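Participant: Show me the folded form of this:
(chains A, B, C and D)
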Number of protein chains: 2
Amino acid sequence: MSIQPLLEYIRKHIDLSSQEESILASKVVLRKYLKGQYIVQQGDVCQYECFVLSGCTKTFYVDEEGQEHIVMFSIEDWWTSDMGSFITQTPADFNIQCLENTELVLFPYNEIESLYKEIPKLERFFRQIIERAFVTSQKRLVRSFSLSAKEQYLHFREQYPQIEQRIPQYMVASYLGITKEFLSKIKNQLIYKH
Amino acid sequence: MSIQPLLEYIRKHIDLSSQEESILASKVVLRKYLKGQYIVQQGDVCQYECFVLSGCTKTFYVDEEGQEHIVMFSIEDWWTSDMGSFITQTPADFNIQCLENTELVLFPYNEIESLYKEIPKLERFFRQIIERAFVTSQKRLVRSFSLSAKEQYLHFREQYPQIEQRIPQYMVASYLGITKEFLSKIKNQLIYKH
DNA sequence: GGACAATGTTAATATAGTTTAACATTATTT
DNA sequence: AAATAATGTTAAACTATATTAACATTGTCC
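Facilitator: This next block holds a predicted model:
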């Protein structure tokens, strides 16, 4: 277990000297979570930005009626956190839970400012990461407005085939914002109506 | 017409020397648009990140059925652009059109890299702006999943009273992802069923 | 291998929101 | 002030999706 995959990921955006890589390594935390463990809990302050080395997580919230809504999944080479909570250090809206045993690189809130100071290039790196996350979020919003549930499911299946195979169907339904019964109906339609 | 409001806005995030402010001023473009004019058109490459000095814009896309969907409004002290198009320099998904005569500060794509180079602090500034935009977008997604149309309308009205007064009701409906007829019904319910 | 929990399916009924279409009101232009 | 365009309302019929509830299948653990 090493931060190597993170360094390779970073290299796609910026060049770090080996000294800078050491600084980075000294400020981040490598941590293993078991299936079922929570990385963040709704109501707590989110202490980390997390890079997923291996495993799979779901980010979800529980509404007033106790319904669970999945906001995103994260697998290898993705990021996860409750960014709203992290940047303002206020209680999180979301839970992040491991769906498999999961290895993370944690960027602690207390270290990240000094990281930016010592390696200003990281501002650029994170800017680029977040730009993309924002665009992804906007595109999802657009889909939720203009596509039917069936079309959204087909898009999900096409875009994230690796994820669909790793998680139960009712979580896909929750991610799509529909009930598991309706997703079941949709899949049935897809099978029998050519 | 000056970039003063932009400089004040930036000061909330980072400190710029007056020399840096001059560099910035030399790279951005001040531009006036008339009501109805397009800042970006779906299919074109988005050339600017725009800061709104005055006026009001809508960002929308037209789906395959020719339906218009409004993604966001921007007023004084807000940003607008098709970020997906801007950062990848590929055709825009969105149109941005002025709903009033509008004054903008444009950050051209060709200048922004050299701006980052000459004023690295701006990486930090934009990182922070985009972090907030991302969080806003995520929260909207959450609302669209867990709130009814009526609740979403009430939230909009509460959060953006300045905007509601400036735009026709059918655009509010489009922003909320419902028909104008249904919004009319909702408003009627709110009046008579206190 | 049996038992219990987790996940998935089916079908009847209910509901939030859409569609259509006709009409009402308000702004804008001449 | 009249004419036209833009915006807003109402109501009936319709549709996509939710809810409920019963049952089926699969996975996990003793």
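Participant: make it CA atoms for all contacts and neighbour counts henceforth
Facilitator: Noted.
Participant: and A:E64, how many neighbours?
Facilitator: Residues within reach of A:E64, counting by other C-alpha atoms under 10 Å in any protein chain shown, total 8.
Participant: for the residue in chain A that DNA strand D sits nearest to, what are its contacts?
Facilitator: Closest residue of chain A to DNA strand D, C-alpha to the nearest atom of the strand: A:I178 (3.4 Å). By C-alpha atoms under 8 Å, 6 or more residues apart in numbering or on different chains, A:I178 lies in contact with A:A149.
Participant: For it, identify the helix or strand it belongs to.
Facilitator: Mapping A:I178 onto the secondary structure by DSSP states H and E places it in no helix or strand at all.
Participant: so how far is A:M171 from it?
Facilitator: As defined by C-alpha to C-alpha, to the nearest Å, A:I178 lies at a distance of 10 Å from A:M171.
Participant: Any chance of the backbone angles for the residue of chain A closest to DNA strand D?
Facilitator: With angles defined as degrees, to the nearest 10, A:I178 sits at phi -130, psi 170.
Participant: And A:D82, how close does it get to B:M171?
Facilitator: Computed with C-alpha to C-alpha, the distance linking A:D82 and B:M171 is 31 Å.
Participant: Which of those two has more residues huddled nearby?
Facilitator: In this view A:D82 and B:M171 are compared by other C-alpha under 10 Å, and A:D82 has more residues nearby, 26 against 19.
Participant: The more buried one is in contact with A:A92, isn't it?
Facilitator: Yes: taking C-alpha atoms under 8 Å as the contact criterion, A:D82 and A:A92 are neighbours in contact, 6.3 Å apart.
Participant: what residues do the two have in common as contacts?
Facilitator: A:40, A:46.
Participant: tell me the pLDDT at A:G66?
Facilitator: For A:G66, the model assigns a pLDDT of 85.
Participant: Now do it: how many residues are near it, please.
Facilitator: Burial of A:G66, expressed as a neighbour count using other C-alpha under 10 Å, amounts to 8.
Participant: now swap in A:V142 and tell me
Facilitator: By other C-alpha under 10 Å, neighbour count at A:V142 equals 20.
Participant: any idea how far it lies from DNA strand C?
Facilitator: 14 Å (C-alpha to the nearest atom of the strand, to the nearest Å).
Participant: buried set for the helix or strand harbouring A:E21?
Facilitator: Element membership for A:E21, per DSSP H and E: helix A:18-27. Judged by neighbour count (16 or more other C-alpha atoms under 10 Å in any protein chain shown), helix A:18-27 contains these buried residues: A:24-25, A:27.
Participant: is it possible to export the residues you listed to CSV including distance to DNA strand C and pLDDT?
Facilitator: Output for the buried residues of helix A:18-27, formatted as CSV (distance: C-alpha to the nearest atom of the strand, whole Å; pLDDT from 0 to 100):
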residue, distance to DNA strand C, pLDDT
A:L24, 37, 97
A:A25, 35, 97
A:K27, 35, 97
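Participant: mind listing what A:R143 touches?
Facilitator: The neighbourhood of A:R143, defined by C-alpha under 8 Å, 6+ apart, consists of A:Q152.
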